[in-house]
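Q: here is my input; please provide its structure:
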Amino acid sequence: MKERGAQQKKAGKSTVSPYIIDKEGGGQVALIGFANVGKSTLVAELTNADPEVSPHPYTTWQPTPGMLAIDNIQVQVIDTPPVDREFIEPEFFVMLRRVDMILLMVDLEADALTQMNATIELLTANRIIPEHLKDQYDEPGNRVVPLLVLGNKYDDESADENYQIFCALADEETPCLPVSALTKRNIDKMKERIFETLGIMRIYSKPF
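A: Numbering: from 1, shown residues only. The predicted structure follows:
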């Protein structure tokens, strides 16, 4: 009897997927992109999360949530494994279907256009449709999610040309913003875009 009970207890154990992340704060935002584009650096610099930051690719293997302060509002930002791997956990896309917004980070010093197009193609193949493309993928079962492309390594004025070339080649309807995870250039603008997209409402007490 004891042996049978032990077997039943063992069989009843289940492992919770790391991709099941409860929403906190004013919204849940997923940060996705290729390896070494700077996702973990941005999350480490701006949130209370402590992802491993390394110049070597594929450092992040599991999603890591952190809280980003936008004025007096906390927004949950999830650092995710790179999308340019041969195998991506199915739970990755399940998680993306639940979030309120996606930040797609590309490296302006690499082939940013290819990174962006390949990632968007992967999303649409899994029926996750960036909001600016919803008219092209109007099918039942699709999940439409607001998306903002972040052109990272926009550290100073010397990166302006890289961003201009990227914008000239990209679809003009694609929402884009150049940022620097290292120098924090345009990070305040990124926060504003997140705030506006999530439609966060500030509630102030009325003075007596």
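Q: please name the nearest non-neighbouring residue to residue 97.
A: residue 143 (4.5 Å; C-beta to C-beta, 6 or more residues apart in numbering). All C-beta atoms are positioned from the backbone trio N, CA, C, and that covers glycine.
Q: what's the spacing between the one you found and residue 178?
A: Relative to residue 178, residue 143 is positioned 27 Å away (C-beta to C-beta, to the nearest Å).
Q: the more surrounded of those two?
A: residue 178 (23 against 14; other C-beta atoms under 10 Å).
Q: so what pairs up with the more buried one in the strands?
A: Applying DSSP bridges to residue 178 yields these beta-bridge partners: residue 151.
Q: was I right about it contacting residue 106?
A: No. The pair residue 178 / residue 106 is not scored as a contact, 10.0 Å apart, by C-beta atoms under 8 Å.
Q: tell me, what's touching these two both at once?
A: 150, 151 (C-beta atoms under 8 Å, 6 or more residues apart in numbering).
Q: mind listing what's buried along stretch 68-84?
A: 68, 70, 73-84 (16 or more other C-beta atoms under 10 Å).
Q: now, among those residues, which is nearest to residue 174?
A: residue 83 (16.8 Å; C-beta to C-beta).
Q: distance of the closest one relative to residue 25?
A: 24 Å.
Q: just for the protein, where's the confidence low?
A: 1-14, 49-60, 200-208 (pLDDT under 70).
Q: who's the most centrally placed residue in the chain bridged to?
A: Against the mean C-alpha coordinate of the chain, by C-alpha atoms, centre = their mean, the closest residue is residue 31 at 1.5 Å. Note on residue 31: beta-bridge partners residue 79, residue 103, judged by DSSP bridges.
Q: next up, the contacts around it.
A: 39, 42, 43, 77, 78, 79, 80, 103, 105.
Q: could I get these as TSV with distance to residue 18?
A: Listed next are those as TSV, based on distance: C-beta to C-beta, whole Å:
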residue	distance to residue 18
39	16
42	20
43	15
77	16
78	10
79	12
80	10
103	19
105	20
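Q: what's the closest of those residues to residue 134?
A: Of the contacts of residue 31, the one sitting nearest to residue 134 (C-beta to C-beta) turns out to be residue 103, at 18.0 Å.
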